[in-house]
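Undergrad: For reference, the sequence and a predicted model appear below.
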Amino acid sequence: MRCQVSVLYFARSAELAGLRSETLSVPRQITSGQLWEEIVKVHPRYSGKLLPRLAVIRDQVVFAVRQEYVLLGDQLLVLQPGDEVAIIPPISGG
């Protein structure tokens, strides 16, 4: 079974996705790694590059699902319709 979630993009992820938010249909029960793959596959590849745009930040990104941090990996998520999934790449400052 699938549900609609709001995906929010911040910083570099927004630049790569070309938008700040969107609604996606994803499986209700999914690992955080599988959720990342669902999100990545809806965005086109760079012209002439093999990787989808968002794939370049995979090792640097953290999710926030319902405002709780989630690392990419095998963590099982049980999503509800309307949940927010924030894509948070590293943010530098000084």
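TA: Yes, it's here. Numbering: from 1, shown residues only.
Undergrad: use CA for all of it now, contacts and neighbours both
TA: Will do.
Undergrad: can you pull the buried residues of the helix or strand of the chain with the lowest mean pLDDT?
TA: Every helix and strand of the chain was ranked by mean pLDDT, DSSP states H and E. The lowest is helix 12-17, at a mean of 89. Within helix 12-17, the residues that count as buried by 16 or more other Cα atoms under 10 Å are Arg12, Ser13, Ala14, Leu16, Ala17.
Undergrad: Output it in PDB with nothing but the alpha carbons.
TA: Written as PDB, here are the backbone C-alpha positions of helix 12-17 (Å, rounded to 0.1, in the frame of the first residue of the first chain):
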ATOM      1  CA  ARG A  12      22.000  21.600  -1.700                       C
ATOM      2  CA  SER A  13      19.200  19.100  -2.000                       C
ATOM      3  CA  ALA A  14      16.800  21.900  -3.100                       C
ATOM      4  CA  GLU A  15      19.400  23.100  -5.700                       C
ATOM      5  CA  LEU A  16      19.800  19.600  -7.100                       C
ATOM      6  CA  ALA A  17      16.100  18.700  -7.100                       C
END
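Undergrad: Check what contacts it and list those residues.
TA: Tyr9, Arg20, His43, Arg53, Leu54, Ile57, Ile87, Ile88, Pro89 (Cα atoms under 8 Å, 6 or more residues apart in numbering).
Undergrad: Point out where this protein drops to low pLDDT.
TA: Scanning the chain for pLDDT under 70 picks out the ranges 45-51, 91-94.
Undergrad: That'll do, ta.
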